[in-house]
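Visitor: turn this into a model:
(chains A and B)
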Amino acid sequence: MELSLGLLGFLIVFPLIVAAVLLFVRHEGPRRVIVCAAAAVIAAASVALVVMNLGAATVLFSFESEVVDFVCTGISALIAAVIIAFGVRYKNVLAIALAAVQIVGTLVLEFVFAHEIEVPYGLYFDSLSLLMAFIIGVIGSGICVYALGYMEDFQAHQPEGAADRRPLFFALMFVFLAAMFAIVFSNNMEWMFTGWEVTTVCSFLLIGYTRTEEAINNAFRQIVMNLAGGLGFLAALYSCAITVGTFSFLDFLVIGVNEPAIVTFAVTALAFAGITKAAQMPFQTWLLGAMVAPTPTSALLHSSTMVKAGVFMLVKLAPVLAVAPAPSIMVMLVGAITFVLCSFMAISQSNAKRVLAYSTIANLGLITACAGVGTPEAVWAATFLILFHAIAKSLLFLCVGTAEHHIGSRDIEDMDLLFDRMPRLARFMMLGIMAMFIAPFGMLMAKWATLVSFVDAQQVALIVILAFGSAATFMFWAKWLGKLAGIAGSPENVEVTVKPTEWTALLLMACLLVLGCVFLPLISAAVVEPYIFGVYGTVGQDISADNLWLASLCTIIVVVVLFAGVGAKPKGRTVDVYLAGVSRDADTRSFQNALSGTAEATTRNWYMESVFGEARIAPVGVVFNSLIMVAAFVVAFVVTPLVF
Amino acid sequence: MIEMTLLTTLIGTLLFALVAPVVGCLLAGLDRIISARMQGRVGPPLLQPYYDVRKLFEKERASVNAVERVYVGAALLFAVLAGGIFFSGGNLLLCVFVITLSSLFFIMAAYSTRSPYAEVGAARETLQVMSYEPMVLLMAVAFFQVTGSFDVAAAFGLTHPAVCTIGLVFLGVLFILTIKLRKSPFDLALSHHAHQEIVRGVTTEMSGPTLGMVEIMHWCENVLFMGWIGLFFVWGGPLSLIAALIAVVVVYFLEIWIDNNFARVKWQFMFKSAWLVALVAGGVNIAVLAFL
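Guide: Below is the predicted model of the structure:
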């Protein structure tokens, strides 16, 4: 256990040191060495931690430190200073006001209410934290490695004379990793809150990376919404200090399960924080705006990890939500409505990163809904959704990022013939897309479990929502997949200039994805079921082992078809496509038209704007979810006694 | 235990691969004869679909690329697997997911050719999947509510046929069955009526053995979907299988009648009506079962 504690501390501190070094490295060569080495070390350490503690129940570490408390307060002050400085520079009053409220609130909490509350066990881990640590440590470091090659191309695509902020970029990426580890390993809620706010400000600075007007606007939208969520977290801390009397997260959960009335307000406020972080409607706009950031940022912060901190919080709260109706209904409905409406809106998008963003929000919504249901089966499903979404979505983001630099566009309509132009990349992208929405891959197995858990819990509204949302999911992924699948003659292969660091990261994600799907039953037994057993005392799992193995078998078949079958040499005669006239060039689909000129046949995917347009659908979710949250807070105020 | 279920499924799949094409072929032959009679013609011999497919396999292999055939092969494989899962009494949801995977490969096969006609067909096929998917999922949920299990085999433990309690769901499934069987008025992606479209949709570029595989896949699919219909009518005891068979015959006749009497509709109508039916028939029936 000593070694585990050491590794845990190492994972939080080491990335910070790397970040400090990277801030001063201005040359590409040394940076590459440092990032690759640090990424390898972090990945190895997190894998070691996970492997040493497979099947572990909750492990608490006796660790209390005044110094850490003061450091946390100092970091909070620093965060507020950064936000206020940017707020003054770009004249954003709302951000300044929220940051000021937050820092005053934090200081008052620390020095007036909290100085007598002690948390003897400051750090902990359980199987869920370990799973998150694996995602942060392995996928996160993989994305950092990918960023090396990507940012080189990114800088080359910038206008002449643009400032090179790459040292800051890489430093922020590593600070972010440390903050994520702090969130998943802290039992002291004040420390967790500090990590929470650090991720927010990292995201803020990375979205505003290019300092264009659009980037700055979107960065401020992000910071305003997440500061509001942070205030929710702070309100929960006040409630913990005043009413519940502890800052220990695990104690808080135990008290919550036994006496839901006492914690209802705190849970509602924490759930609100989780919902903003996970960009659920009505807060979905910040995540959409965050897509202006360089793609590794989108992959790391805005799909695989930071937004997962939001749902991590909700999944942790799930056992309390199962017994506290007001926050439970809020979380369930907000998540479910977000899932279905964002899946609808994804159909109407042709910008690949926007499709990915909507799909991310939708899947986070599904996880949120599972957490709201709060049964062991639902938590099983939510955990797998977190894992597979993290892997598949980061693979997709990295593919889109690389494609963008080589075909010059992130529009799906421009990805015609990608299978010919970038054969390897297209296959990775197709694998990622299939893994997102179709059996037998892990995401769909998790969705299957979600459906069954909704049925078990008799949540009719959620069942219906899931049925329609899944159908919409099929539409927007399948048409993108179709775009990639097209094959004609042999256009120029533009793939040769992709950087080796990018291939390494892509290959890592693809391998993790396939292995994860094939060995899903083992992951369930070694990691997910121990967590559920530790929390609920029962093992809840809705899909029988033989069906899981059957799916593993199908996964292997699909992967073989995609990577071996599709590369086969043609047997028999090759003919031109039929164009209902005299073909001039089959590869470009041009034919002789009625005036003997040359016409080219073009096709576009369906976007069904009239049915699924953003303007029609977004307001519904924003209004509906806002009302639900207001109602939940009113109930929570009434339920929780405000006693000292 | 695990090996047992896997083994049953694999044996079921093998048997389905042998039996379903024969049954499906005869069904297609009957379909053509009955359709012809409805139109005042005599119609082809019963085995005409078999002769057609045999001829397709004797034709030269000519294709626009090598990939299309691989995708169609995968689609056929997963269609057979879905049938195997269903008829060996396996998990209904898994069966639904695997048949969806099969549809996806079929769609990818069409897209891979880059024929403008096939692309239009593939886009419509995608829309069709989106249209019927909610009702299919709700069907599985309703089945669970009645039997307490997603396993098809559980239907034989019922004391009365499922259709008695989930009649509304049955009607909803009947509605989307027309899409799944590719019958007019919902044959947007791929029509077997020459008057409905100038160039055939999804299968525009498929020929010879590849097209033959597509035909066999449709036979297998039809048998599977008829199995879904039969599932509503079985209960304890093997005698109920006769009732299920009668129901299947009646439903298939109804589908042929619809096919011959309605012209193709626009996608807007198909999509909106299919979702509305799923919402009303599926949602109401499931809510009633959950709350009463």
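Visitor: for the host helix or strand of A:Ala45, packing partners?
Guide: Assigned by DSSP states H and E, A:Ala45 belongs to helix A:28-52. Judged by 3 or more Cβ pairs under 8 Å, 6 or more residues apart in numbering or on different chains; DSSP states H and E, helix A:28-52 is in contact with helix A:2-22, helix A:127-134, helix A:141-157, helix A:166-185. C-betas here are computed from N, CA, C, even on glycine.
Visitor: retrieve the pLDDT associated with the residue in chain B that chain A sits nearest to.
Guide: Proximity of chain B to chain A (Cβ to the nearest Cβ) peaks at B:Arg61, 2.7 Å away. Looking at B:Arg61, its pLDDT is 88.
Visitor: and it, what does it touch?
Guide: A:571-573, B:208-210 (Cβ atoms under 8 Å, 6 or more residues apart in numbering or on different chains).
Visitor: which residue packs closest to it, ignoring adjacent ones?
Guide: In this structure, B:Arg61 finds its nearest non-sequential neighbour in A:Gly572, 2.7 Å apart by Cβ to Cβ, 6 or more residues apart in numbering or on different chains.
Visitor: how many other residues sit next to that neighbour?
Guide: Applying other Cβ atoms under 10 Å in any protein chain shown, we find 16 residues neighbouring A:Gly572.
Visitor: count of residues packed around A:Leu444?
Guide: By other Cβ under 10 Å, neighbour count at A:Leu444 equals 23.
Visitor: right, and it touches A:Ile438 too?
Guide: Yes. Contact criterion Cβ atoms under 8 Å: A:Leu444 and A:Ile438 qualify, at 5.9 Å.
Visitor: can you pull out the helices in the stretch 51-200 of chain B?
Guide: Counting by DSSP state H, counting those that start in this stretch, the stretch 51-200 of chain B has helices at residues B:67-87, B:92-113, B:116-147, B:167-180.
Visitor: which strands and helices lie in contact with the next helix or strand after the shortest one?
Guide: Reading on from helix B:167-180 to the C-terminus, the next helix or strand found by DSSP H and E is helix B:208-231. With contacts defined as 3+ Cβ pairs under 8 Å, 6+ apart, the secondary structure elements packing on helix B:208-231 are helix B:2-38, helix B:48-58, strand B:62-63, helix B:67-87, helix B:92-113, helix B:167-180, helix B:240-261.
Visitor: now the angle from the longest one to helix B:92-113?
Guide: It stands for helix B:2-38. Helix B:2-38 and helix B:92-113 are oriented at 60 degrees to each other (axes from the mean of the first three to the mean of the last three Cα atoms, to 10 degrees).
Visitor: need the contact list for residue 167.
Guide: Reading this off chain A. By Cβ under 8 Å, 6+ apart, A:Pro167 lies in contact with A:22-26, A:31.
Visitor: oops, I was thinking of chain B
Guide: By Cβ under 8 Å, 6+ apart, the contact list for B:Gly167 reads B:Asn285.
Visitor: can you check the pLDDT for it?
Guide: On the pLDDT scale, B:Gly167 gets 94.
Visitor: tell me the spacing between it and A:Val566.
Guide: B:Gly167 sits 45 Å away from A:Val566, going by Cβ to Cβ, to the nearest Å.
Visitor: ok, now A:Asp576?
Guide: For A:Asp576, the distance to A:Val566 equals 21 Å [Cβ to Cβ].
Visitor: tell me who's in contact with the residue nearest to B:Arg61.
Guide: B:60-63, B:208.
Visitor: which of these lies closest to B:Leu245?
Guide: B:Gly208 (35.2 Å; Cβ to Cβ).
Visitor: got phi/psi on the residue lying closest to the closest one once chain neighbours are set aside?
Guide: Residue nearest to B:Gly208 in three dimensions, not counting chain neighbours: B:Lys59, with 3.9 Å by Cβ to Cβ, 6+ apart. When read as degrees, to the nearest 10, the backbone of B:Lys59 gives phi -80, psi 170.
Visitor: OK, contacts around B:Lys59?
Guide: Taking Cβ under 8 Å, 6+ apart as the test, what B:Lys59 contacts is B:207-209.
Visitor: now do A:Phe113
Guide: Counting by Cβ under 8 Å, 6+ apart, A:Phe113 has contacts A:238, A:241-242.
Visitor: same thing with B:Gln48?
Guide: Neighbours of B:Gln48 in contact, by Cβ under 8 Å, 6+ apart: B:29, B:32.
Visitor: do that again at 6 Å, thanks
Guide: Contacts here follow Cβ atoms under 6 Å, 6 or more residues apart in numbering or on different chains; on that basis B:Gln48 touches B:Gly29.
Visitor: likewise for the one 3 residues further on?
Guide: Shown here is B:Tyr51, which makes no contacts under the criterion Cβ under 6 Å, 6+ apart.
Visitor: how close does it get to B:Gly43?
Guide: Distance from B:Tyr51 to B:Gly43, by Cβ to Cβ: 14 Å.
Visitor: same check, this time on B:Leu56
Guide: Counting by Cβ to Cβ, the gap from B:Leu56 to B:Gly43 is 20 Å.
Visitor: still on that earlier bit, and the helices and strands packed on helix B:208-231, which is most packed in?
Guide: helix B:92-113 (a mean of 27; mean count of other Cβ atoms under 10 Å in any protein chain shown).
Visitor: and it with chain A, contact?
Guide: Yes. Using Cβ under 6 Å from any Cβ of the partner chain, helix B:92-113 reaches chain A at B:93-94, B:97, B:101, B:104, B:107-108, B:111-112.
Visitor: re earlier: least confident pick among the contacts of B:Arg61?
Guide: A:Lys571 (74).
Visitor: low-confidence ranges in the chain?
Guide: Answering for chain A, as no chain was given. A:488-492, A:567-570, A:641-644 (pLDDT under 70).
Visitor: the intended chain is chain B.
Guide: Judged by pLDDT under 70, the stretches of chain B that qualify are B:1-3.
Visitor: what residues does it have near chain A?
Guide: Close to chain A, as judged by Cβ under 6 Å from any Cβ, chain B has residues B:2, B:5-6, B:61-62, B:64-67, B:70, B:74, B:91, B:93-94, B:97, B:101, B:104, B:107-108, B:111-112, B:114-116, B:119, B:122-123, B:126, B:129-130, B:133-134, B:137-138, B:141, B:144, B:283, B:286-287, B:290.
Visitor: returning to what we had before: ramachandran angles for the residue nearest to B:Arg61?
Guide: The phi/psi pair for A:Gly572 (degrees, to the nearest 10) is phi 90, psi -170.
Visitor: can you check A:Ser248 too?
Guide: Dihedral angles (degrees, to the nearest 10) for A:Ser248: phi -80, psi 120.
Visitor: skipping adjacent residues, who's closest to it in space?
Guide: Closest to A:Ser248 by Cβ to Cβ, 6+ apart is A:Val119, at 4.8 Å.
Visitor: what does A:Gln158 give?
Guide: A:Thr210 (7.7 Å).
Visitor: neighbours of that neighbour, how many?
Guide: A total of 18 residues lie near A:Thr210 under the criterion other Cβ under 10 Å.
Visitor: ditto for A:Asp587
Guide: Neighbours around A:Asp587, by other Cβ under 10 Å: 15.
Visitor: need the residues of chain A near chain B, please.
Guide: So chain A meets chain B at A:438-439, A:448, A:455, A:458, A:460, A:463-464, A:467-468, A:471, A:474-475, A:478-479, A:482, A:485-488, A:545-547, A:561, A:565-566, A:568, A:570-573, A:575, A:577, A:601, A:603, A:606 (Cβ under 6 Å from any Cβ).
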